[in-house]
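Asks: return a 3D structure for these sequence lines:
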Amino acid sequence: MTFHSSFVRLACLLGPCAWLFLHAAAPPSAVPVDSRNTKAKLIAHFTDTAQKAGLTTPVIFGGENTKEYIIETTGTGVAIFDYDNDGWSDIFVVNGTKLEGLPSGKVPTSHLYRNNHDGTFTDVTEKAGLTHTGWGQGVCVGDYDNDGWEDLYVTYYGKNVLYHNNGDGTFTDVSEKAHVAGTGKAWGTGCAFLDYNRDGKLDLMVANYVDYDSATALAPGERPSCMWKGVAVMCGPSGLPWAKNVLYRNLGNGTFEDVTTKARIDQTNGHYAFSVSTFDYDDDGWPDIYVACDSTGSILYHNNHDGTFTDVAVVAGAAFNDDGREQAGMGSTVADYDGDGKLDLFKTNFSDDTSTLYRNNGDGTFDDKTFPAGFGLNTQYLGWGVMFLDVDNDGWPDLLLVNGHVYPEVDSQHLGSNFREPRILYHNNGNGTFTDISAAAGPGITAVSSSRGLAVGDLWNDGLISAVVSNMNALPSLLVNDVRNGNHWIAFRAMGVKSNRDGIGAKITMRAGARTLVDEVRSGSSYISQDDMRVHFGLGGAVKIDGLQVRWPSGLLEEFGSLSADAIHTLKEGSGTPVVAGPRKN
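Replies: This next block holds a predicted model:
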């Protein structure tokens, strides 16, 4: 999380950024203008309902007024998933600890909140058996044994935990038995389930941050790299030894094999890895892996179809920004933001820098479209969780970013940023550009926190996407959008048969009117968090869809028809109409 200076470009002042600057300067009471409609309207209005909804346990993570060591800075992820198969998404919030420890009976644990279907949640942590403690980090979800119940993987500084869902409201820690706990010396961060070899069983990718030893950790200011803007701050990650990422192959008998070396994941060295986003960026039917890295270039593991990967981030244009600079990447998210049928990338970065938008060119490369798209400002914020989501169901994915600094000293030393920062909501204008509508998007957006993890999903099955945010040493946030409009929507739950039960990696292509919308079923993403795996599309004014194709991880391509709008549909592999596809890469 090192400081990188950024240069304000003339292009930003002449392009959409200029209008963005004027809009951002408007008073909070200003009503945003939809650039596709001359009539002013409220696009979204988010309120934090966490306390009212029953999310009443704070996220404990390191010191509140000072952060002496890097272990205190990374925070935790959150997950939205349906653990009890009642059709309503529940919430899991990872928790941490403090350097000095806590009294017996007050040791923090992660928390599972069951959806009560009425806007509230019940804490079922103890009943579910999810009482592990420690420096919790990230979380991802996947049905690794294809039994129809979602399992939970939580990363830690130390040993990671795989919770098997027993199907009765409880979980069992099977980490050691399954061989995915790790050595206990690693610092796990982001994770994602994926079927990298397309054998119908979910494998597991785990990112690791730094090789950290609390016994030998450097004190603030102890080295030149432990200074920021002339102030002594915690050390790292620069100057600390890096850690390697790990890939586990699912053997199908409840255990996994560490194939990091066999898959050539360990050929990419010298990175401080955070978030993991899986997506088939070259559309060859095999899942690839993108890893946002702190203070180093990003990683893009291309799937070679033979059980191995090659890091192609540099040649693909996804490692650095348009200036060729390494950035301090935190979170990442995937969507087709410009409607061209290809999945694009967005990454959050450190303060005094921009976030980065990578447009997929469709030929295996990406272009940095950060400034043309209108993301050249808001450089004072330090971004973490980020997700594409269609807040107004107009068919164009918008962007939600959550922020928070790592140095509490920015407040006391007046270093140009704040430790607690507001969120940012960008509205997709449908023409390759975005508008910052944060000021008018409600108190859930403008309120300040030191936020980290972010997950989004349809918590009440009504087509409106909500967000859960992990905040450092504070209650989590539950951001609910109370703006209704006339736009329609549709969502899909994938159910694999030959493919993995979750359908993770399935590509969904939908036609509605003149639009073709695409996305994939995905585990992980954002900043070390897990989103609702149901694929959601806004339809705008369309009242029906004109076609739907699913390409399953097994290779089966099929069509589904007669699907109504404003509903959530289950797509079961093999129940559609098979499509004879042309030759494909294998």
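
Asks: show me the helices in the chain, by range?
Replies: Secondary structure of the chain (DSSP state H): helices located at 10-14, 16-24, 50-53, 125-128, 175-178, 313-316, 370-373, 409-412, 443-446.

Asks: what comes up buried for the fifth one?
Replies: Taking 16 or more other Cβ atoms under 10 Å as the basis for neighbour counts, the residues of helix 175-178 that come out buried are Ser175, Ala178. Placement of C-beta: from N, CA and C, glycine included.

Asks: which other residues reach that helix?
Replies: Lys159, Asn160, Val161, Leu162, Ala181, Gly254, Thr255, Phe256 (Cβ atoms under 8 Å, 6 or more residues apart in numbering).

Asks: for that helix, list the C-alpha coordinates in CSV.
Replies: What follows is helix 175-178, C-alpha atoms only, in CSV (Å, rounded to 0.1, in the frame of the first residue of the first chain):
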residue,chain,number,x,y,z
SER,A,175,-9.8,-27.9,6.7
GLU,A,176,-7.2,-30.4,7.8
LYS,A,177,-9.1,-33.4,6.5
ALA,A,178,-9.5,-31.7,3.1
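
Asks: give me the distance from it to the chain's centre.
Replies: Centroid displacement of helix 175-178 relative to its chain, using Cα atoms, centre = their mean, to the nearest Å, is 26 Å.

Asks: report the central residue of the protein.
Replies: Centrality entry for the chain: nearest residue to the mean C-alpha point is Ser526, 1.2 Å, by Cα atoms, centre = their mean.

Asks: so where is the stretch 301-450 of the chain shaky, pLDDT-wise?
Replies: Of all residues in the stretch 301-450 of the chain, none has pLDDT under 70.

Asks: and for the stretch 451-586 of the chain?
Replies: Ranges of the stretch 451-586 of the chain meeting pLDDT under 70: 581-586.

Asks: please redo it, this time with the cut-off set to 50
Replies: 585-586 (pLDDT under 50).

Asks: before we move on, back to that, give me the buried entries from the contacts of helix 175-178.
Replies: Using 16+ other Cβ under 10 Å, the buried ones in those are Lys159, Asn160, Val161, Leu162, Ala181, Phe256.

Asks: redo those as a markdown table? Include pLDDT.
Replies: As requested, the buried ones among the contacts of helix 175-178 are exported to a markdown table (pLDDT from 0 to 100):
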| residue | pLDDT |
| --- | --- |
| Lys159 | 97 |
| Asn160 | 98 |
| Val161 | 98 |
| Leu162 | 98 |
| Ala181 | 98 |
| Phe256 | 98 |
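
Asks: show me those residues that map onto strands.
Replies: Judged by DSSP state E, these include Val161, Leu162, Phe256 as members of strands.

Asks: go through these and name the one nearest Gly395.
Replies: Gly395 has its nearest neighbour among these in Leu162, at 37.4 Å by Cβ to Cβ.

Asks: the spatially closest residue to Asn461 that is not a sequence neighbour: how many residues sit nearby?
Replies: When the adjacent residues along the chain are set aside, Asn461 lies closest to Ile568, with 6.1 Å between them (Cβ to Cβ, 6 or more residues apart in numbering). By other Cβ atoms under 10 Å, the residues close to Ile568 number 17.

Asks: ok, now Asp363?
Replies: Once other Cβ under 10 Å is used to define contacts, Asp363 is seen to have 9 neighbours.

Asks: go on, Asp306?
Replies: Neighbours around Asp306, by other Cβ under 10 Å: 10.

Asks: any idea how far it is from Met533?
Replies: Distance, Asp306 to Met533, using Cβ to Cβ, to the nearest Å: 28 Å.

Asks: next one: the closest residue in space to Phe81 that isn't next to it in sequence from Lys159, what distance?
Replies: Of all residues not flanking Phe81 in the chain, Val141 sits nearest, at 4.5 Å (Cβ to Cβ, 6+ apart). With distances taken as Cβ to Cβ, Val141 is found 19 Å from Lys159.

Asks: just so I have it, where are all the strands in the stretch 251-400 of the chain?
Replies: Under the criterion DSSP state E, counting those that start in this stretch, the stretch 251-400 of the chain contains strands at 256-258, 273-279, 288-293, 299-303, 309-311, 332-335, 344-347, 356-360, 366-368, 383-389, 398-403.

Asks: now the ones you listed as JSON lines including distance to Ala512?
Replies: What follows is these, written out as JSON lines (distance: least, Cβ to Cβ, whole Å):
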{"stretch": "strand 256-258", "distance to Ala512": "40"}
{"stretch": "strand 273-279", "distance to Ala512": "22"}
{"stretch": "strand 288-293", "distance to Ala512": "27"}
{"stretch": "strand 299-303", "distance to Ala512": "30"}
{"stretch": "strand 309-311", "distance to Ala512": "35"}
{"stretch": "strand 332-335", "distance to Ala512": "16"}
{"stretch": "strand 344-347", "distance to Ala512": "20"}
{"stretch": "strand 356-360", "distance to Ala512": "21"}
{"stretch": "strand 366-368", "distance to Ala512": "27"}
{"stretch": "strand 383-389", "distance to Ala512": "18"}
{"stretch": "strand 398-403", "distance to Ala512": "18"}
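
Asks: to Thr125, which of those strands lies closest?
Replies: Across these, closest to Thr125 is strand 383-389 (Cβ to Cβ), at 21.9 Å.

Asks: quick one, the closest one and strand 288-293 angle?
Replies: Put simply, strand 383-389 runs at 150 degrees to strand 288-293, going by axes from the mean of the first three to the mean of the last three Cα atoms, to 10 degrees.

Asks: list of residues touching strand 383-389?
Replies: With Cβ under 8 Å, 6+ apart as the criterion, strand 383-389 contacts 75, 77, 330-335, 337, 346-349, 355, 397-404, 424, 451-456, 465, 467, 469-470, 525-527, 529, 531, 536.

Asks: neighbouring strands for it, and are they parallel or not?
Replies: If you go by DSSP bridges, strand 383-389 pairs up with strand 398-403 (antiparallel).

Asks: next one: the partner strand to chain centre, how far?
Replies: 10 Å.

Asks: tell me what angle that strand forms with strand 356-360.
Replies: Compare the direction of strand 398-403 with that of strand 356-360 by the same axes, to 10 degrees and you get 150 degrees.

Asks: where along the stretch 51-200 of the chain do the strands fall?
Replies: Using DSSP E, counting those that start in this stretch, strands in the stretch 51-200 of the chain cover 78-81, 90-93, 111-115, 121-123, 136-142, 151-156, 161-165, 171-173, 188-194.

Asks: list the contacts of Phe193.
Replies: For Phe193, the contact set (Cβ under 8 Å, 6+ apart) comprises 140-142, 144, 153, 202-205, 502, 504, 523-524.

Asks: now those as JSON lines including distance to Leu548 and neighbour count?
Replies: Converted to JSON lines, these look like this (distance: Cβ to Cβ, whole Å; neighbours: other Cβ atoms under 10 Å):
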{"residue": "Cys140", "distance to Leu548": "27", "neighbour count": "29"}
{"residue": "Val141", "distance to Leu548": "24", "neighbour count": "29"}
{"residue": "Gly142", "distance to Leu548": "24", "neighbour count": "28"}
{"residue": "Tyr144", "distance to Leu548": "27", "neighbour count": "29"}
{"residue": "Tyr153", "distance to Leu548": "30", "neighbour count": "28"}
{"residue": "Leu202", "distance to Leu548": "24", "neighbour count": "28"}
{"residue": "Asp203", "distance to Leu548": "27", "neighbour count": "25"}
{"residue": "Leu204", "distance to Leu548": "30", "neighbour count": "25"}
{"residue": "Met205", "distance to Leu548": "29", "neighbour count": "27"}
{"residue": "Asp502", "distance to Leu548": "18", "neighbour count": "27"}
{"residue": "Ile504", "distance to Leu548": "18", "neighbour count": "27"}
{"residue": "Ser523", "distance to Leu548": "22", "neighbour count": "29"}
{"residue": "Gly524", "distance to Leu548": "25", "neighbour count": "32"}
